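Engineer: Dropping a prediction and its sequence here:
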Amino acid sequence: MKTHVLIYDGYVSFEIMLAMYLMKTKGEIITVGISSNPVKSYEGLRVNPEQSLDEVNDGDIEAFIIPGGDISEIQQNEKLVSLLQKMNTDHKYIGAICSGVDLIKQAGLLEGKKYTSNDASHTVTYEVHDNLITAKANGYVDFAIALGQMRGIYSDEADYEETIRFFKYFEND
(Lines give C-alpha, C1' and ligand atoms only; values in the text may rest on other atoms or scores of the structure.)
Protein backbone atom coordinates (compact mmCIF):
# COMPACT_ATOMS: atom_id res chain seq x y z
CA MET A 1 0.00 0.00 0.00
CA LYS A 2 1.50 3.33 -1.04
CA THR A 3 0.57 6.58 0.65
CA HIS A 4 1.88 9.76 -0.92
CA VAL A 5 2.19 12.83 1.29
CA LEU A 6 2.44 16.37 -0.05
CA ILE A 7 5.13 18.45 1.62
CA TYR A 8 5.79 22.11 0.90
CA ASP A 9 7.39 25.10 2.59
CA GLY A 10 5.32 25.88 5.66
CA TYR A 11 3.37 22.59 5.83
CA VAL A 12 2.29 21.65 9.36
CA SER A 13 3.85 18.29 10.12
CA PHE A 14 2.05 17.51 13.40
CA GLU A 15 -1.29 17.35 11.57
CA ILE A 16 -0.17 14.37 9.49
CA MET A 17 2.39 12.54 11.64
CA LEU A 18 -0.09 10.09 13.17
CA ALA A 19 -1.69 9.44 9.77
CA MET A 20 1.75 8.73 8.32
CA TYR A 21 2.60 6.44 11.24
CA LEU A 22 -0.60 4.44 10.83
CA MET A 23 -0.29 4.19 7.04
CA LYS A 24 3.35 3.10 7.42
CA THR A 25 2.18 0.04 9.41
CA LYS A 26 0.72 -1.41 6.19
CA GLY A 27 2.82 0.12 3.45
CA GLU A 28 5.13 2.75 2.14
CA ILE A 29 5.15 6.53 2.68
CA ILE A 30 6.34 8.63 -0.25
CA THR A 31 6.84 12.36 0.25
CA VAL A 32 6.00 14.55 -2.72
CA GLY A 33 7.21 18.10 -3.20
CA ILE A 34 6.23 20.73 -5.70
CA SER A 35 9.86 20.40 -6.83
CA SER A 36 12.75 18.23 -5.70
CA ASN A 37 14.09 21.05 -3.49
CA PRO A 38 14.12 20.55 0.28
CA VAL A 39 11.23 22.11 2.19
CA LYS A 40 10.93 23.45 5.71
CA SER A 41 7.87 22.61 7.78
CA TYR A 42 6.13 25.15 9.98
CA GLU A 43 7.85 23.50 12.95
CA GLY A 44 11.27 23.93 11.33
CA LEU A 45 11.90 20.39 10.04
CA ARG A 46 13.92 20.33 6.84
CA VAL A 47 12.70 17.53 4.57
CA ASN A 48 13.81 16.34 1.15
CA PRO A 49 10.88 15.16 -0.97
CA GLU A 50 11.32 11.68 -2.41
CA GLN A 51 9.54 12.76 -5.59
CA SER A 52 8.60 16.00 -7.24
CA LEU A 53 5.25 16.57 -8.92
CA ASP A 54 7.05 16.02 -12.24
CA GLU A 55 8.20 12.57 -11.10
CA VAL A 56 4.92 11.33 -9.61
CA ASN A 57 3.07 8.64 -11.51
CA ASP A 58 -0.59 9.05 -10.56
CA GLY A 59 -1.13 5.33 -11.23
CA ASP A 60 1.17 4.55 -8.28
CA ILE A 61 -0.85 6.64 -5.83
CA GLU A 62 -3.29 4.74 -3.65
CA ALA A 63 -3.78 7.47 -1.05
CA PHE A 64 -2.67 11.10 -0.95
CA ILE A 65 -2.42 13.18 2.22
CA ILE A 66 -2.42 16.97 2.17
CA PRO A 67 -1.37 18.73 5.37
CA GLY A 68 -2.34 22.23 6.35
CA GLY A 69 0.01 25.15 6.42
CA ASP A 70 0.66 28.18 4.27
CA ILE A 71 -0.76 27.08 0.90
CA SER A 72 -0.43 30.50 -0.74
CA GLU A 73 2.59 29.42 -2.82
CA ILE A 74 1.06 26.15 -4.04
CA GLN A 75 -2.67 26.75 -4.38
CA GLN A 76 -2.46 27.84 -8.01
CA ASN A 77 0.04 25.18 -9.07
CA GLU A 78 -1.49 23.69 -12.23
CA LYS A 79 0.33 20.36 -11.94
CA LEU A 80 -0.90 19.89 -8.38
CA VAL A 81 -4.48 20.88 -9.23
CA SER A 82 -4.44 18.54 -12.22
CA LEU A 83 -3.05 15.66 -10.13
CA LEU A 84 -5.71 16.18 -7.45
CA GLN A 85 -8.49 16.24 -10.03
CA LYS A 86 -7.16 13.08 -11.72
CA MET A 87 -6.89 11.24 -8.39
CA ASN A 88 -10.43 12.25 -7.49
CA THR A 89 -11.77 11.13 -10.90
CA ASP A 90 -9.97 7.80 -10.38
CA HIS A 91 -11.50 7.53 -6.86
CA LYS A 92 -8.11 7.46 -5.13
CA TYR A 93 -8.17 8.17 -1.40
CA ILE A 94 -7.45 11.81 -0.63
CA GLY A 95 -7.05 13.12 2.89
CA ALA A 96 -6.85 16.85 3.57
CA ILE A 97 -6.56 18.59 6.90
CA CYS A 98 -6.69 22.26 7.92
CA SER A 99 -5.79 24.47 4.94
CA GLY A 100 -5.23 21.33 2.87
CA VAL A 101 -9.04 21.26 2.71
CA ASP A 102 -8.97 24.73 1.14
CA LEU A 103 -6.58 23.38 -1.48
CA ILE A 104 -8.85 20.54 -2.56
CA LYS A 105 -11.86 22.85 -2.44
CA GLN A 106 -10.13 25.27 -4.83
CA ALA A 107 -9.36 22.31 -7.10
CA GLY A 108 -13.11 21.58 -7.28
CA LEU A 109 -13.04 18.27 -5.42
CA LEU A 110 -15.62 19.18 -2.78
CA GLU A 111 -18.50 20.26 -4.99
CA GLY A 112 -21.62 18.37 -3.89
CA LYS A 113 -19.76 16.50 -1.14
CA LYS A 114 -19.94 16.58 2.63
CA TYR A 115 -16.77 17.99 4.14
CA THR A 116 -15.47 19.94 7.09
CA SER A 117 -12.93 22.72 7.30
CA ASN A 118 -11.58 25.29 9.73
CA ASP A 119 -14.48 27.57 8.74
CA ALA A 120 -16.54 28.36 11.84
CA SER A 121 -19.71 27.15 10.11
CA HIS A 122 -18.33 23.58 10.12
CA THR A 123 -18.76 21.98 13.52
CA VAL A 124 -17.48 18.41 13.10
CA THR A 125 -13.76 17.70 13.40
CA TYR A 126 -13.61 15.33 10.43
CA GLU A 127 -15.85 14.15 7.62
CA VAL A 128 -15.64 11.16 5.26
CA HIS A 129 -17.38 11.27 1.88
CA ASP A 130 -16.65 8.50 -0.63
CA ASN A 131 -12.90 8.66 -1.33
CA LEU A 132 -12.30 11.93 0.56
CA ILE A 133 -11.59 12.66 4.19
CA THR A 134 -11.37 16.21 5.44
CA ALA A 135 -10.54 17.49 8.91
CA LYS A 136 -10.07 20.58 10.99
CA ALA A 137 -6.55 21.10 12.35
CA ASN A 138 -7.55 19.80 15.81
CA GLY A 139 -9.07 16.67 14.25
CA TYR A 140 -5.70 15.10 13.42
CA VAL A 141 -6.23 12.01 15.60
CA ASP A 142 -9.70 11.29 14.21
CA PHE A 143 -8.37 12.07 10.71
CA ALA A 144 -5.56 9.53 11.05
CA ILE A 145 -7.72 6.79 12.54
CA ALA A 146 -10.51 7.26 9.97
CA LEU A 147 -8.01 7.30 7.10
CA GLY A 148 -6.67 4.00 8.40
CA GLN A 149 -10.20 2.63 8.48
CA MET A 150 -10.84 3.83 4.91
CA ARG A 151 -7.64 2.10 3.80
CA GLY A 152 -8.40 -1.13 5.68
CA ILE A 153 -5.26 -1.16 7.81
CA TYR A 154 -6.90 -2.62 10.91
CA SER A 155 -6.84 -6.40 11.15
CA ASP A 156 -10.25 -6.51 12.84
CA GLU A 157 -12.63 -4.49 15.01
CA ALA A 158 -10.52 -5.15 18.13
CA ASP A 159 -7.43 -3.70 16.39
CA TYR A 160 -9.43 -0.63 15.36
CA GLU A 161 -10.82 -0.15 18.90
CA GLU A 162 -7.35 -0.60 20.41
CA THR A 163 -5.99 2.10 18.08
CA ILE A 164 -8.73 4.48 19.19
CA ARG A 165 -8.13 3.76 22.87
CA PHE A 166 -4.37 4.19 22.57
CA PHE A 167 -4.10 7.25 20.32
CA LYS A 168 -7.29 9.14 21.17
CA TYR A 169 -7.78 8.31 24.84
CA PHE A 170 -4.18 7.44 25.82
CA GLU A 171 -5.14 4.09 27.32
CA ASN A 172 -2.41 1.45 27.42
CA ASP A 173 -4.45 -1.78 27.51
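Structural biologist: Structure's in. What do you need? Numbering: from 1, shown residues only.
Engineer: Return the backbone torsion pair for residue 120.
Structural biologist: Dihedral angles of residue 120 (phi, psi; degrees, to the nearest 10) stand at phi -60, psi -20.
Engineer: after the helix or strand encompassing residue 4, next one along is what?
Structural biologist: Assigned by DSSP states H and E, residue 4 belongs to strand 2-7. Counting by DSSP H and E, the element after strand 2-7 in chain order, helix or strand, is helix 14-24.
Engineer: Give me the contact list for that following helix.
Structural biologist: If you take C-beta atoms under 8 Å, 6 or more residues apart in numbering as the criterion, helix 14-24 is touched by 1, 3, 5, 29, 43, 63, 65, 67-68, 95, 97-98, 137, 140-141, 143-145, 147-148, 151, 153, 163, 167. Heads up, the C-betas are built off the backbone N, CA and C, glycines and all.
Engineer: Of these, grab the buried ones for ChimeraX.
Structural biologist: The ChimeraX command for the buried members of those (criterion: 16 or more other C-beta atoms under 10 Å) is given here:
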select :3,5,29,63,65,67,68,95,97,98,137,140,141,143,144,145,147,148,151,153,163,167
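Engineer: Please flag which of the contacts of helix 14-24 sit within strands.
Structural biologist: Among the contacts of helix 14-24, the ones falling in strands (DSSP state E) are 3, 5, 29, 63, 65, 95, 97.
Engineer: Check which strands are paired with the strand holding residue 4 and give the direction for each one.
Structural biologist: Sheet pairing of strand 2-7 (DSSP bridges) gives strand 28-33 (parallel), strand 63-66 (parallel).
Engineer: Would you list the phi and psi of residue 119?
Structural biologist: Per degrees, to the nearest 10, the backbone of residue 119 is at phi -60, psi 140.
Engineer: returning to that earlier point: and among the strands paired with strand 2-7, the most buried is which?
Structural biologist: Per residue and on average, the most neighbours among these fall to strand 63-66, with a mean of 26 (mean count of other C-beta atoms under 10 Å).
Engineer: Check the offset of that strand from the chain's centre.
Structural biologist: Relative to its parent chain, strand 63-66 has a centroid offset of 4 Å by C-alpha atoms, centre = their mean, to the nearest Å.
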